[in-house]
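Asker: have a look; sequence and predicted model below, questions after that.
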Amino acid sequence: MHTAITAPAPGRPTLVQRIKNLRHRPRPDTRLTPTRQAASQPPRRPGAFARAQTGGAITVRLDPYTLPPGGLDFVARLRRDPKERQITVPVPDVATAADIHDVTISIHPDQHPLAEGRWDCYVVSRRNGRRHRLACHLAEQTHAVNRQPRTVDASVITTLPYATADGYLAIRAWQRPAHAEVTAITASDTGCYVTAELLMPELKDGLKNASVVAVSRQDESLDFILPIRELNSAQFSFRIPYDELLQRRSTEHDQWDLRLHHGPHAAPVPIGRMAGDIVDRRTTDLIPAQRAPATSRTDHIKPYFTVTNDLAISARSIAD
């Protein structure tokens, strides 16, 4: 039996022709051109590079490729502030900037004094008022190393830019009528020696009749006075005796904040660290804890810096 092979219908391509056509058919272009890539990706968050300056100012250079279109203002808002305080600085127009890579604003303490606290940073559209929080590409604090707080009007101030835990730009500001800057701490198994300098706009009577008070967070009856040694008109030292703390234990975890009293009518002055380039001293300026055995427990006594970089003392009970 023979199988008949029929010729293809007129005008219909053969199998060989169809395979050739598939091989030579142009493939769709799946490569992402810049336009396609921009359209396929979510818009980038507006970002900035911040730098602490030697004189106390902070400069913020905005990334022009991430900014929303139109006129903009730089806005810093004090976090968790019932008064909702903020400062506003006009942003140079990117379209008319002489150098598109240098869209910069400056925050100078003489022109924009920042109340003590943490300030979150934004750019705000002048057209629709929409607020965009700034991502922090870099917060440079090199020029603030060994920088001392400045006296502006009736306040002692300093500011530092930093990146928040979730990557946004913020400014840490300190502003006080007076401040005692800790310059040295030496700890032993019986106590802690502290040297500090009083900073304030007008230091009239120096440290005459001054003393340090350890202020209990548990009960004011547990406060006690630490005498100071006057080194000059502004510098002083004092010792924190650990046995004095043990006599005033009242809970499983007692804490005292240290304040300088330098006159009958003067407000207590916080003792801590505002100078330099470090926003959070809790993680950098660590003082070893000392073990002080007691009758039924062991007390760990430790001077430490608080969330506001002020000096405090902790006495915590640990069961043996």
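Answerer: On my side now, so go ahead. On a predicted model such as this, the values are computed, not experimentally measured, just so you know. Numbering: from 1, shown residues only.
Asker: kindly state the pLDDT recorded for residue 244?
Answerer: On pLDDT, residue 244 comes in at 88.
Asker: and for it, the neighbour number?
Answerer: Residues near residue 244, counting by other C-beta atoms under 10 Å, number 14. Yep, even glycine has a C-beta here, placed from its N, CA and C like the rest.
Asker: look at it and give its secondary structure.
Answerer: Secondary structure of residue 244, reduced to three states by DSSP: H, G, I helix; E, B strand; the rest coil: helix.
Asker: renumber starting at 46 from here on
Answerer: Renumbered: residue one is now 46, and that last one reads residue 289.
Asker: which ones are touching it?
Answerer: residue 269 (C-beta atoms under 8 Å, 6 or more residues apart in numbering).
Asker: repeat for the one 10 residues further on
Answerer: For residue 299, the contact set (C-beta under 8 Å, 6+ apart) comprises 261-263, 267, 290, 293, 359-361.
Asker: how about the secondary structure of it?
Answerer: strand.
Asker: strands of the stretch 146-295 of the chain, residue ranges please.
Answerer: Here the stretch 146-295 of the chain has its strands, by DSSP state E, counting those that start in this stretch, at 148-152, 162-170, 176-178, 180-185, 195-197, 200-208, 214-221, 224-232, 236-244, 256-261, 269-275, 280-286.
Asker: weakest of the ones you listed by average pLDDT?
Answerer: Mean pLDDT, when computed for each of these, is lowest for strand 195-197, at a mean of 90.
Asker: so what strands line up beside that strand?
Answerer: strand 200-208 (antiparallel) (DSSP bridges).
Asker: identify each buried residue in the strand it pairs with, please.
Answerer: 200-208 (16 or more other C-beta atoms under 10 Å).
Asker: I'd like the residues you listed as CSV, with distance to residue 189 appended.
Answerer: Conversion of the buried residues of strand 200-208 to CSV gives the following (distance: C-beta to C-beta, whole Å):
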residue, distance to residue 189
200, 18
201, 15
202, 13
203, 8
204, 9
205, 6
206, 9
207, 11
208, 15
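Asker: between the residues you listed, which is nearest residue 226?
Answerer: Residue 226 has its nearest neighbour among these in residue 201, at 8.9 Å by C-beta to C-beta.
Asker: show me what that closest one bridges to in the sheet.
Answerer: Residue 201 has these beta-bridge partners by DSSP bridges: residue 196, residue 221.
Asker: if I pick it, what's in contact with it?
Answerer: Applying C-beta under 8 Å, 6+ apart, the residues near residue 201 are 194-195, 219-224, 244-246, 319.
Asker: buried only: go through these for me.
Answerer: If we count by 16+ other C-beta under 10 Å, these have these buried: 194, 219-221, 223-224, 244-245, 319.
Asker: now for these: which two are most distant?
Answerer: 219 and 245 (13.5 Å).
Asker: and the spatially closest residue to residue 137 that is not a sequence neighbour, how many neighbours does it have?
Answerer: Spatial nearest neighbour of residue 137, excluding adjacent residues (C-beta to C-beta, 6 or more residues apart in numbering): residue 148 at 5.5 Å. Here the count is done by other C-beta under 10 Å, and residue 148 has 19 residues near it.
Asker: my guess is residue 148 contacts residue 142. True?
Answerer: Yes. Counting by C-beta atoms under 8 Å, residue 142 is a contact partner of residue 148 at 5.7 Å.
Asker: who touches both of these two?
Answerer: residue 109.
Asker: returning to that earlier point: closest to residue 94 out of the strands of the stretch 146-295 of the chain?
Answerer: Between the strands of the stretch 146-295 of the chain, strand 180-185 lies closest to residue 94; by C-beta to C-beta that is 4.6 Å.
Asker: what does the closest one contact?
Answerer: By C-beta under 8 Å, 6+ apart, the surrounding residues in contact with strand 180-185 are 90-97, 108, 111, 206-209, 212-215.
Asker: mind running it again at 10 Å?
Answerer: Applying C-beta atoms under 10 Å, 6 or more residues apart in numbering, the contact partners of strand 180-185 are 89-98, 103-108, 111, 166, 205-209, 211-216, 322, 324.
Asker: buried subset of those?
Answerer: Applying 16+ other C-beta under 10 Å to those flags 91-98, 103-108, 111, 166, 205-209, 213-216, 324 as buried.
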